[in-house]
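*Asks:* 3D model of this:
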Amino acid sequence: MASLTSHHLLPPFATDVKTAPLVSVSLAKLEAGDSDTSNAFFKACRELGFFYLDMLGSELGEKIVSEAEQLNAFQKEFFKMPYDVKDEYGRPHLHPFYAYRYNDLDVKDKNGVAIRAESYNLRKDDILGQCERLACPPIILEKQELFNNYVVHCRAAVDCLLEHLNRHLELPAGTLANLHRISERSGDHVRLVQAPPSEYNEARAQRAEHTDFGSITVLFNWLGGLQIRVPDTTDWVYVRPIPGSCVVNLGDAMVKFTAGLLRSNIHRVVPPPGEQAGESRNSLVFFSRPEDAVVLKRLEGGLIDAQPVEENVETPMTAHEWIMAKGTGQLPGVYTKKGFEWKENDARLKNAPALLNGMPRAVASVA
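*Replies:* Take a look at the predicted model:
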């Protein structure tokens with residue numbers, strides 16, 4: 001295990017915090033078509049929307065783990081670059097959503113400069129050469145082969161999950177796969193993330209609460225800090241990083257496609273607990289989303305046809321429109337099968353009404 005991952009080089013995860021009841025699903029067994037594993041996977045997608053995907057024992061999975069470790073080492077070097085250099089490749093001037101992004105924290109370095117929480121979004125279509133590429137730092141291009149392999153391999157794992165979901169939902173063969181073709185333009189992207197050590201701040205934690213706005217998210221964490229909200233409660237629990245496994249969760253698109261049969265759970269990231277609190281927190285995310293032109297609406301067939309029909313019909317939006325609206329803060333709140341759950345006192349609400357005409361809403365019960 002130590003040869004595969006770098007978790008053992010970091011302080012141990014805290015033992016005195018409540019952790020999320022994520023089940024572990026073996027990718028190798030899913031690839032082999034094991035029915036018990038597939039059933040456990042589908043149950044997790046319906047009840048929590050989060051699970052561990054155990055990569056060990058799968059040739060594909062172990063490639064992904066190795067590539068994730070390489071990208072984690074790379075991102076630490078990337079984020080060492082001066083702020084002004086990274087700013088050249090940032091938003092909003094380069095792109096309103098993709099590229100370099102940051103938030104200033106209420107902490108300053110020895111020179112009095114605000115320390116940043118940073119991320120960098122690289123589009124799948126840029127990496128695979130399927131569009132005119134956004135300008136990016138030369139060191140990104142130097143890792144082109146690694147990024148290419150990581151995208152292709154993550155998508156292969158996602159395709160395996162989609163196939164199992166398709167079968168359990170009793171949809172016509174290829175229904176979900178045909179909404180997520182890797183060769184078509186989509187919002188799939190790799191995200192590099194770094195957050196420096198900081199004090200827990202409740203207001204910041206509340207602002208970070210969200211549901212993912214794609215289909216399936218593949219997340220590698222080396223430190224704690226990810227929290228999920230226990231369904232139908234206001235309780236937040238930590239997700240423990242597991243060497244050799246990634247954390248997978250479903251996003252809004254799967255809720256929309258299945259009329260709420262599948263779950264996109266509310267989650268957030270806070271400073272790591274315990275001994276890990278003094279470490280900078282890096283994570284690596286692969287977001288898989290429907291093709292840009294796909295309209296996010298209820299699918300027909302199988303188990304979905306048995307789901308209740310909502311009285312309030314949402315304004316139709318394509319996957320691209322949904323991603324850009326949520327990704328740039330025009331659709332605040334979190335999306336669940338109840339519709340949008342508004343966060344009280346969210347200043348962004350004043351900008352949202354035009355986009356939200358006809359969308360069902362409920363006030364979020366988040367402390």
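*Asks:* The residue sitting nearest the centre point of the chain: what's it in contact with?
*Replies:* Geometric centre of the chain, nearest residue: residue 217, 4.1 Å, by Cα atoms, centre = their mean. Going by Cβ atoms under 8 Å, 6 or more residues apart in numbering, residue 217 touches 248, 249, 250, 251, 285, 286, 287, 288. All C-beta atoms are positioned from the backbone trio N, CA, C, and that covers glycine.
*Asks:* now those residues in JSON lines, with distance to residue 138, secondary structure and neighbour count?
*Replies:* Shown next, in JSON lines, are those (distance: Cβ to Cβ, whole Å; DSSP: H, G, I helix; E, B strand; the rest coil; neighbours: other Cβ atoms under 10 Å):
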{"residue": "248", "distance to residue 138": "32", "secondary structure": "strand", "neighbour count": "24"}
{"residue": "249", "distance to residue 138": "33", "secondary structure": "strand", "neighbour count": "25"}
{"residue": "250", "distance to residue 138": "36", "secondary structure": "strand", "neighbour count": "27"}
{"residue": "251", "distance to residue 138": "32", "secondary structure": "coil", "neighbour count": "26"}
{"residue": "285", "distance to residue 138": "23", "secondary structure": "strand", "neighbour count": "20"}
{"residue": "286", "distance to residue 138": "23", "secondary structure": "strand", "neighbour count": "26"}
{"residue": "287", "distance to residue 138": "24", "secondary structure": "strand", "neighbour count": "24"}
{"residue": "288", "distance to residue 138": "27", "secondary structure": "strand", "neighbour count": "27"}
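*Asks:* Quick check: pLDDT value at residue 310.
*Replies:* pLDDT, residue 310: 77.
*Asks:* Figure out the helix or strand that the residue nearest to the centre of the chain lives in.
*Replies:* Residue 217 is part of strand 216-221 when elements are defined by DSSP states H and E.
*Asks:* ok now that strand, how far from the chain's centre?
*Replies:* When distances are taken as Cα atoms, centre = their mean, to the nearest Å, strand 216-221 is centred 6 Å away from the chain's centroid.
*Asks:* Alpha carbons only: can I get it in CSV?
*Replies:* C-alpha atoms of strand 216-221 as CSV (Å, rounded to 0.1, in the frame of the first residue of the first chain):
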residue,chain,number,x,y,z
ILE,A,216,-20.4,11.5,-11.3
THR,A,217,-17.5,13.0,-9.3
VAL,A,218,-14.2,11.0,-8.7
LEU,A,219,-12.3,12.5,-5.7
PHE,A,220,-8.9,11.7,-4.3
ASN,A,221,-8.2,13.1,-0.8
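*Asks:* Partner strands of it, with direction?
*Replies:* Strand 216-221 sits in its sheet next to strand 245-250 (antiparallel), strand 281-288 (antiparallel), going by DSSP bridges.
*Asks:* Beyond the longest one, next helix or strand please.
*Replies:* In other words, strand 281-288. Moving toward the C-terminus from strand 281-288, the next helix or strand (DSSP H and E) is helix 319-327.
*Asks:* Output the contacting helices and strands for that following helix.
*Replies:* When contacts are defined as 3 or more Cβ pairs under 8 Å, 6 or more residues apart in numbering; DSSP states H and E, helix 319-327 packs onto helix 252-257.
*Asks:* what does the helix it packs on rub up against?
*Replies:* 45, 165, 176, 179, 211-216, 262-264, 289-290, 296-299, 304, 319, 322, 326, 335-337.
*Asks:* What about residue 113, how many residues nearby?
*Replies:* 10 (other Cβ atoms under 10 Å).
*Asks:* Any idea how far the longest helix seen in the chain is from the middle of the chain?
*Replies:* Longest helix of the chain, by residue count under DSSP state H: helix 144-168. Put simply, helix 144-168 sits 14 Å off its chain's centre (Cα atoms, centre = their mean).
*Asks:* Same check on stretch 14-28?
*Replies:* The answer for stretch 14-28 is 17 Å, by Cα atoms, centre = their mean.
*Asks:* cool, and stretch 41-50?
*Replies:* 15 Å.
*Asks:* quick one: contacts of it?
*Replies:* Applying Cβ under 8 Å, 6+ apart, the contact partners of stretch 41-50 are 20-23, 25, 30, 51, 161, 164-165, 168, 228, 231, 239, 247-250, 254, 261-265, 267.
*Asks:* Now that stretch: buried residues?
*Replies:* Across stretch 41-50, burial judged by 16 or more other Cβ atoms under 10 Å covers 41, 42, 44, 45, 46, 48, 49, 50.
*Asks:* Please apply the same query to stretch 175-189.
*Replies:* Buried-residue list, stretch 175-189, by 16+ other Cβ under 10 Å: 175, 176, 179, 180, 182, 184, 185, 186, 187, 188, 189.
*Asks:* Restricted to helices, list those residues.
*Replies:* Using DSSP H, no member of the buried residues of stretch 175-189 sits in helices.
*Asks:* which pair in those spans the largest distance?
*Replies:* Maximum pairwise distance in the buried residues of stretch 175-189, criterion Cβ to Cβ, is 23.5 Å, between 175 and 189.
*Asks:* Give me the phi and psi for residue 244.
*Replies:* When read as degrees, to the nearest 10, the backbone of residue 244 gives phi 90, psi 0.
*Asks:* meant to ask about residue 237, not that
*Replies:* When read as degrees, to the nearest 10, the backbone of residue 237 gives phi -130, psi 150.
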